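[1] the sequence isn't on hand, but the structure is:
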């Protein structure tokens, strides 16, 4: 007699979190075996359903997605392996465990060719099937992690990391907006010039949300060939011989960040619009759709309204993704943050490159703060990295002084000097106008400039 499952669900997590969150379909024509599997799995899994025949299983899969199918091989009308081969042709996206009383070599070979992840020989005990299920799900999620890691590495090492640094009013406003929308499922469109930190802002939003422990998948639409981007995003079923899970399916449960969204080809724009509206995905060549639990974030440095007017971007997709627009400020509008950013990058590159840091003295920091930074934060980061490697700042940023980078952050006089000089630059050197904007006397500006040798 087959052993009874544990009476209590207190051991729900004994087989790992992947089992706890799993949805499983049991396909078997024997009522006793179905009941045993249902009673064994239900206390430990998120959802367990059953099918009495291959035909009933097909109908269930047409409307519902499962992480795993436990499949009996010998059933009336067809074998489990023949049914599985047919399902892979139309679109089968679950892992499979085959249960059989006849584990001969030919069956094993057929099972491997059909893509079966594991098989269990009848009769078996509860712990045997639970171990097989936990093992299969662990391998599934390990493959997903490896795939996403390879994808991140393939992004030319340009994946943005780190925090959204700074205390300027512009960046504080961005952080406040991110905190406000983080608990919501709403899509967000990040706009702004290249290098302003759109991906870092998107990662910050993901980290503040309830999806923080799930995948964050960043895709640069401009770096994927137009001929392959649909396959990369949505997946592929090739006549049952080959199945490729796209990045959307791998990101399921987490956040997908589509950068350079304006670069999507027309047909892919149409497909993406359907995914956003239906929350379902149909891989290329598949007859079935898969439900998706994804938060979508988008970014662009292009003028999407102009692209819509010129017919290069779908108007309906633009309105669908432009629910909430967060504009990332250019670095020239947050010059108060340059000292903090420069000190952070200096410390980071000195440590990672194993080279001595350079002095961020008052003269250097003043020149950094007065530069326009057309490449924004990325340009500042690159400048610091290059300077650490070469052992000196470029001539246009070099200077002498007695204050180190760490001390400079706390120097109020430097902050005051930088702020006044920025206002003077904005006024074209007109000290009277600068004094008016600063709310101080003209004589104060003259005295400060004289003290600075200007």
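    Ah, there it is. From a predicted model like this one, the values you see are computed outputs, not experimental measurements.
[2] where exactly do the helices run in the stretch 201-350 of the chain?
    229-234, 247-250, 266-278, 304-309, 315-321, 338-353 (DSSP state H, counting those that start in this stretch).
[3] next one: the stretch 1-150 of the chain
    17-20, 31-41, 54-63, 80-90, 105-113, 126-154.
[4] turn those into CSV, including mean pLDDT.
    Converted to CSV, the helices of the stretch 1-150 of the chain look like this (pLDDT from 0 to 100):
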stretch, mean pLDDT
helix 17-20, 81
helix 31-41, 94
helix 54-63, 90
helix 80-90, 87
helix 105-113, 81
helix 126-154, 86
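[5] with respect to residue 362, which of those helices lies nearest?
    Closest approach to residue 362 among those (C-beta to C-beta): helix 126-154, 39.2 Å. Glycine gets a C-beta too; all of them are placed from N, C-alpha and C.
[6] show me what secondary structure element comes after the closest one.
    Per DSSP states H and E, the first helix or strand lying C-terminal to helix 126-154 is helix 169-181.
[7] could you say what helices and strands that next one packs with?
    Under the contact criterion of 3 or more C-beta pairs under 8 Å, 6 or more residues apart in numbering; DSSP states H and E, helix 169-181 touches helix 198-208, strand 325-327.
[8] what's the longest one packed up against?
    Spelled out, it's helix 198-208. Against helix 198-208 (3+ C-beta pairs under 8 Å, 6+ apart) you get helix 169-181, strand 188-191, strand 216-220, strand 255-259, strand 295-300.
[9] again, but for the last one
    Helices and strands touching strand 325-327, by 3+ C-beta pairs under 8 Å, 6+ apart, are helix 169-181, strand 188-191.
[10] helices or strands up against the last one?
    Counting contacts by 3+ C-beta pairs under 8 Å, 6+ apart, strand 188-191 is packed against helix 198-208, strand 295-300, strand 325-327.
[11] okay, those, which one's buried deepest?
    The highest mean neighbour count among those, using mean count of other C-beta atoms under 10 Å, belongs to strand 295-300: a mean of 24.
[12] that one to strand 255-259, inter-axis angle?
    10 degrees (axes from the mean of the first three to the mean of the last three C-alpha atoms, to 10 degrees).
[13] what's strand 295-300 in contact with?
    185, 187-191, 198-199, 202, 205-206, 209, 211, 254-262, 276, 321 (C-beta atoms under 8 Å, 6 or more residues apart in numbering).
[14] what residue ranges in this protein score low on pLDDT?
    Scanning the chain for pLDDT under 70 picks out 1-14, 153-162, 239-241, 399-416, 418, 452-453.
[15] quickly note the distance from residue 23 to residue 291.
    11 Å (C-beta to C-beta, to the nearest Å).
[16] common neighbours of these two, please.
    With C-beta under 8 Å, 6+ apart as the test, residue 23 and residue 291 both reach residue 65.
[17] list the contacts for the nearest residue to residue 130 once chain neighbours are set aside?
    The shortest distance from residue 130 to any non-neighbouring residue, by C-beta to C-beta, 6 or more residues apart in numbering, is to residue 15 (5.3 Å). By C-beta under 8 Å, 6+ apart, the residues touching residue 15 are 44, 130, 131, 133, 134.
[18] shouldn't residue 99 be in contact with residue 119?
    Yes - counting by C-beta atoms under 8 Å, residue 119 is a contact partner of residue 99 at 6.9 Å.
[19] of those two, who's got more company?
    For residue 99 versus residue 119, neighbours defined as other C-beta atoms under 10 Å are more numerous around residue 99 (25 against 19).
[20] ok, back up a step: redo the helices of the stretch 1-150 of the chain as TSV? Include distance to residue 355 and mean neighbour count.
    Output for those, formatted as TSV (distance: least, C-beta to C-beta, whole Å; neighbours: other C-beta atoms under 10 Å):
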stretch	distance to residue 355	mean neighbour count
helix 17-20	42	18
helix 31-41	56	17
helix 54-63	57	16
helix 80-90	54	19
helix 105-113	52	13
helix 126-154	24	16
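[21] want to throw these into TSV with distance to residue 72?
    As requested, these are exported to TSV (distance: least, C-beta to C-beta, whole Å):
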stretch	distance to residue 72
helix 17-20	21
helix 31-41	7
helix 54-63	9
helix 80-90	6
helix 105-113	12
helix 126-154	12
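[22] what's the closest of those helices to residue 234?
    Closest among the helices of the stretch 1-150 of the chain, using C-beta to C-beta: helix 126-154, at 14.6 Å.
[23] residues in contact with stretch 69-88: which ones?
    24-30, 33, 37, 53-55, 57-58, 61, 92, 94-102, 107, 110-111, 114-116, 129, 133, 237, 240, 243.
[24] farthest-apart pair in the contacts of residue 15, please.
    Using C-beta to C-beta, those reach their maximum pairwise distance at 44 and 131, which is 11.8 Å.
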